[in-house]
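Chemist: quick one: sequence and predicted model below, then my questions.
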Amino acid sequence: MKDYIVRGTDKTKSFRFFGALTTNLVNEATSRHQTSPVASAALGRAMTGVSMMGQMMKSPTDRVGISIKGDGPIRGIIVEANGFGDVKGYVIEPNVNIPNNENNKLDVRNAIGNAVMTVIKDIGLKEPSIGQVAMLSGEIAEDLTDYFMVSEQTNSVVALGVLVDLDCSIKQSGGFIIQVLPDAKEDAIDALEEKIKSFTSVTGNMEEGKTVEQILESLLGKVDFMEKIDIKFDCDCSRDRMEKGLISIGRRDLEDIVNDNQDDVELVCHFCNEKYLFDKEDIKEILQTI
């Protein structure tokens, strides 16, 4: 099954929601970066969250990114999405292994450590908009809830889940964001709060065979699904972009590569781990253009 995001509102128009199935795209990202189980869980949660935030943007070409920088062994996570459904991301230290938490679950909180989450939205203006919150939870979903409240003054429920299989592949990954609308009815809010108290986990529901749509209906009752969009892991890196990166280091350094018998240059994209090799003849051609 393809990954996808659904969005809509409940019948009372008290909430808008976004629900995401992200198993395939998280599996591709973690496979490309050879992440450990706890790093896979952290990266997958962040990618799932940003994928839904990409669908909140007004234009498909708008981009939203989440940067997490912490003092834990993972050190940081960078993820990005657009309105077309393209998602990419990486962890700075992908091979971290730490003991499970007190519930025998992957300890994402301590892998991230004390951290700050920065949300960057690029809507085509001169400067992107930036919102930032301290990560009091470290579990990512709760911290995104805090971000929506602090930076966007929107009451939200965020749930993100990644289930890593015994072979380190991604067995289940998904999540939802439910946000309170301005004319929300108090009884609808109370009903949702009660259901959230007994809600177990996204991946637990998925393991029982529930779809993202069924999970949302179990929390919100009757809903109107307005749109369903396919999403995927996709990186927009290219050889041309890497060449521009080489040009940026300056003529002198490029000439040194050619004249001092230095090794060929291999550039690696952080987001997708794709490698681009430039030999000395390539460098000479670049020098002719600058």
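Modeler: Sure, I can see it. It should be emphasised that the depicted structure is a prediction, and the values quoted were computed from it without experimental measurement. Residues are numbered from 1 along each chain as shown.
Chemist: following element in sequence after the helix or strand bottoming out on mean pLDDT in the chain, please.
Modeler: For the chain, using mean pLDDT, DSSP states H and E, the weakest element among its helices and strands is helix 251-259, scoring a mean of 85. For helix 251-259, the following helix or strand on the C-terminal side (DSSP states H and E) is strand 265-268.
Chemist: who does the helix or strand following that next one pair up with?
Modeler: Going down the chain from strand 265-268, the next helix or strand is strand 275-278, by DSSP H and E. Here strand 275-278 has these sheet partners by DSSP bridges: strand 265-268 (antiparallel).
Chemist: quick one: average confidence on the strand it pairs with?
Modeler: Confidence for strand 265-268, expressed as mean pLDDT, is 91.
Chemist: try stretch 191-200
Modeler: Taken as a whole, stretch 191-200 has a mean pLDDT of 95.
Chemist: check stretch 65-78 too.
Modeler: On average, the pLDDT along stretch 65-78 is 98.
Chemist: tell me how far that stretch lies from the chain's centre.
Modeler: 12 Å (Cα atoms, centre = their mean, to the nearest Å).
Chemist: now stretch 146-156
Modeler: Offset of stretch 146-156 from its chain centre (Cα atoms, centre = their mean): 18 Å.
Chemist: circling back to that earlier point, which residues does the least confident helix or strand of the chain contact?
Modeler: The contact list for helix 251-259, computed with Cβ atoms under 8 Å, 6 or more residues apart in numbering, reads 246, 247, 262, 265, 280, 283, 284, 286, 287, 290. Every C-beta, even on glycine, is put in place using the N, C-alpha and C of the backbone.
Chemist: now it: buried residues?
Modeler: 254, 257 (16 or more other Cβ atoms under 10 Å).
Chemist: one more: stretch 9-24?
Modeler: 9-10, 12, 14-24.
Chemist: which SSE is residue 191 in?
Modeler: Taking DSSP H and E as the criterion, residue 191 maps to helix 186-198.
Chemist: do the same with residue 146
Modeler: For residue 146, the host element (DSSP H and E) is helix 141-152.
Chemist: got a list of contacts for that helix?
Modeler: 45, 49, 117, 119, 131-133, 135-137, 154-160, 175, 177, 179.
Chemist: quick one: what helix or strand has the residue most central in space within the chain in it?
Modeler: By Cα atoms, centre = their mean, the chain has its centre lying nearest to residue 47, at 1.9 Å. Residue 47 belongs to helix 37-54 when elements are defined using DSSP H and E.
Chemist: can you list the buried residues in that helix?
Modeler: Quick answer for helix 37-54 (16+ other Cβ under 10 Å): 37-54.
Chemist: could you export it as PDB, CA atoms only?
Modeler: Output in PDB follows, covering the C-alpha atoms of helix 37-54 (Å, rounded to 0.1, in the frame of the first residue of the first chain):
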ATOM      1  CA  PRO A  37      16.200   1.200  16.000                       C
ATOM      2  CA  VAL A  38      16.100   4.200  18.300                       C
ATOM      3  CA  ALA A  39      17.300   6.500  15.600                       C
ATOM      4  CA  SER A  40      14.700   5.000  13.200                       C
ATOM      5  CA  ALA A  41      12.000   5.700  15.700                       C
ATOM      6  CA  ALA A  42      13.100   9.300  16.200                       C
ATOM      7  CA  LEU A  43      13.600  10.000  12.500                       C
ATOM      8  CA  GLY A  44      10.300   8.300  11.600                       C
ATOM      9  CA  ARG A  45       8.300  10.300  14.100                       C
ATOM     10  CA  ALA A  46       9.800  13.600  12.900                       C
ATOM     11  CA  MET A  47       9.200  12.700   9.200                       C
ATOM     12  CA  THR A  48       5.600  11.700   9.900                       C
ATOM     13  CA  GLY A  49       5.000  15.000  11.700                       C
ATOM     14  CA  VAL A  50       6.500  17.200   9.000                       C
ATOM     15  CA  SER A  51       4.700  15.300   6.300                       C
ATOM     16  CA  MET A  52       1.400  16.400   7.700                       C
ATOM     17  CA  MET A  53       2.600  19.900   8.300                       C
ATOM     18  CA  GLY A  54       3.500  20.000   4.600                       C
END
